[in-house]
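*Asks:* give me a model of this one.
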Amino acid sequence: MKKKRMKLVLLVILALIISSILGFYIWSQNTYSAIEDLPESVKEQDGWLLFEADDPQNGLVLYPGAKVEPDAYAFLGEELASQGITVAIPSVRLNLPIFDLSKADELFQREGVDSLNWYIGGHSMGGAAAAMYADANLDKVSGLVLLGAYAADNDYLQTSQLPVLSISGSEDGLSTPEKINQYRQNLPDTAQFIEIEGGNHAQFGVYGPQSGDNEAAISVDKQQEMIITTILEWIDDQGDV
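*Replies:* Residues are numbered from 1 along each chain as shown. Modelled structure (predicted):
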């Protein structure tokens with residue numbers, strides 16, 4: 001009887017584990033996608049969306065937010081590419097960039113990409129993952145761009161000289177202004193912080209409303225325009241240092 005009970009308990013535990021894993025997987029696949037089709041000019045290669053600029057000097061690897069499809073940042077990628085910055089946006093494991101921190105290495109190992117000054121960045125969890133990558137690879141990146149995101153405690157990033165740009169939204173209900181301020185100590189003292197008045201969390205991409213977020217006080221077009229202008233000016237400033 002004891003053996004039968006033990007076997008039953010083990011079977012119940014195994015069933016709970018399998019159910020939890022299956023539930024997590026289903027949850028991770030319930031993603032946010034772009035509300036518009038991808039531009040025809042976009043290249044899709046081996047799980048990456050590539051927005052190639054003409055004769056670029058700089059490139060930006062942009063990690064997507066948790067459960068957000070790469071195509072949600074297509075407008076951002078296309079506009080930055082039109083202004084001379086090549087943008088690469090990866091698909092990540094289980095749609096959660098925190099599980100794919102080293103994804104940028106896939107791109108950096110490709111032939112010819114070392115001719116660019118590469119920045120790494122990301123939105124929300126993608127920004128946190130990008131900060132972790134930068135912390136471990138300060139020699140590979142020229143700077144860090146956080147979009148509605150903040151960095152966790154780290155070993156080298158916060159005391160480094162790496163240029164960092166943090167763009168946040170005053171109406172962000174997830175990476176709130178309070179959280180941005182709370183975790184700013186995890187970035188270098190030289191980090192530049194820009195808050196978009198009226199901007200929220202979801203409008204760092206173009207994928208519609210997001211659970212837990214606040215309603216924006218500006219249009220998605222306006223917020224995207226401000227993000228693009230800020231990134232362009234900041235990267236341009238790095239060339240003057």
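*Asks:* what about the strands in the protein?
*Replies:* With strands called from DSSP state E, the chain shows them at 43-45, 48-51, 58-63, 85-90, 117-123, 143-147, 164-169, 192-196.
*Asks:* so can I have TSV of the ones you listed showing distance to Leu14 and mean neighbour count?
*Replies:* All C-beta spots, glycine's among them, are computed from the backbone N, C-alpha and C. Below are those laid out as TSV (distance: least, Cβ to Cβ, whole Å; neighbours: other Cβ atoms under 10 Å):
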stretch	distance to Leu14	mean neighbour count
strand 43-45	39	11
strand 48-51	37	21
strand 58-63	34	27
strand 85-90	34	25
strand 117-123	36	26
strand 143-147	41	26
strand 164-169	44	26
strand 192-196	48	16
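*Asks:* would you turn the ones you listed into JSON lines with distance to Tyr183?
*Replies:* JSON lines is the format used below for the strands of the chain (distance: least, Cβ to Cβ, whole Å):
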{"stretch": "strand 43-45", "distance to Tyr183": "34"}
{"stretch": "strand 48-51", "distance to Tyr183": "28"}
{"stretch": "strand 58-63", "distance to Tyr183": "17"}
{"stretch": "strand 85-90", "distance to Tyr183": "24"}
{"stretch": "strand 117-123", "distance to Tyr183": "15"}
{"stretch": "strand 143-147", "distance to Tyr183": "10"}
{"stretch": "strand 164-169", "distance to Tyr183": "9"}
{"stretch": "strand 192-196", "distance to Tyr183": "11"}
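*Asks:* of the ones you listed, which is nearest Asn137?
*Replies:* Smallest distance to Asn137 across the strands of the chain (Cβ to Cβ): 8.2 Å, for strand 117-123.
*Asks:* picking up where we left off before, worst average pLDDT in the strands of the chain?
*Replies:* With a mean of 81, strand 43-45 has the lowest mean pLDDT of these.
*Asks:* packing partners for that strand?
*Replies:* Packing contacts for strand 43-45, counted by 3 or more Cβ pairs under 8 Å, 6 or more residues apart in numbering; DSSP states H and E, involve strand 48-51.
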